[in-house]
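1. Pasting the sequence and the predicted model now:
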Amino acid sequence: MTDRISKEDVAHVADLARLTLTDEELDAFTGQLADVLDHAADLEALDLADVEPMTHPLPMRNVLRPDVVGETSDRAEVLACAPSVEDEQFRVPPVLGESP
């Protein structure tokens with residue numbers, strides 16, 4: 001365990017979060033949080049002066065196709081396949097208790 005965080009610090013944060021921790025949990029979380037803080041210190045020590053900021057680690061490109069009208073299905077053919085049709089539209093069961 002490092003000096004970065006103490007058992008009392010973890011107990012204080014747990015108290016602020018209204019968590020009840022056993023002594024074993026306090027010991028475990030103190031060690032885990034110390035490891036996280038050590039890792040953060042390692043990252044902070046990196047020289048990133050020549051690294052360009054980025055929003056994503058991989059190059060991004062628009063993967064959407066152009067919005068072009070294509071061949072459409074025949075309305076009568078599609079409605080003929082529907083289990084229920086009313087006024088040349090699909091008829092569906094009522095939703096959320098609506099009356100038919």
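-> Cool, the structure landed. Residues are numbered from 1 along each chain as shown.
2. in the longest helix that the chain contains, what counts as buried?
-> In the chain, assigned by DSSP state H, the helix with the most residues is helix 23-44. Neighbour-count burial for helix 23-44, counted by 16 or more other Cβ atoms under 10 Å, picks out 29-30, 33-34. In short, each C-beta sits where N, CA and C put it, glycine included.
3. residues in contact with it?
-> Outside helix 23-44, the residues that touch it by Cβ atoms under 8 Å, 6 or more residues apart in numbering are 1-2, 4-7, 9-11, 14, 21.
4. Next secondary structure element downstream of that helix?
-> helix 75-80 (DSSP states H and E).
5. what pLDDT, on average, does that next one get?
-> Helix 75-80 shows a mean pLDDT of 94.
6. Report the backbone C-alpha coordinates of it in CSV.
-> The C-alpha coordinates for helix 75-80 follow below in CSV (Å, rounded to 0.1, in the frame of the first residue of the first chain):
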residue,chain,number,x,y,z
ARG,A,75,-48.2,-1.4,-52.0
ALA,A,76,-50.9,-3.9,-52.8
GLU,A,77,-48.4,-6.8,-52.8
VAL,A,78,-47.1,-5.8,-49.4
LEU,A,79,-50.6,-5.4,-47.9
ALA,A,80,-51.6,-8.7,-49.3
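7. how much distance is there from it to the middle of the chain?
-> 40 Å (Cα atoms, centre = their mean, to the nearest Å).
8. Show me the contact partners of it.
-> 85, 88-90.
9. Among the residues you listed, which are located in helices?
-> Among the contacts of helix 75-80, no member lies in helices (by DSSP H).
10. So for the protein, the centremost residue is which one?
-> In the chain, the C-alpha nearest the mean C-alpha coordinate belongs to H56, at 15.2 Å (Cα atoms, centre = their mean).
11. And H39, how far from M54?
-> For H39, the distance to M54 equals 21 Å [Cβ to Cβ, to the nearest Å].
12. again, but for E44
-> Applying Cβ to Cβ to E44 and M54 gives a distance of 19 Å.
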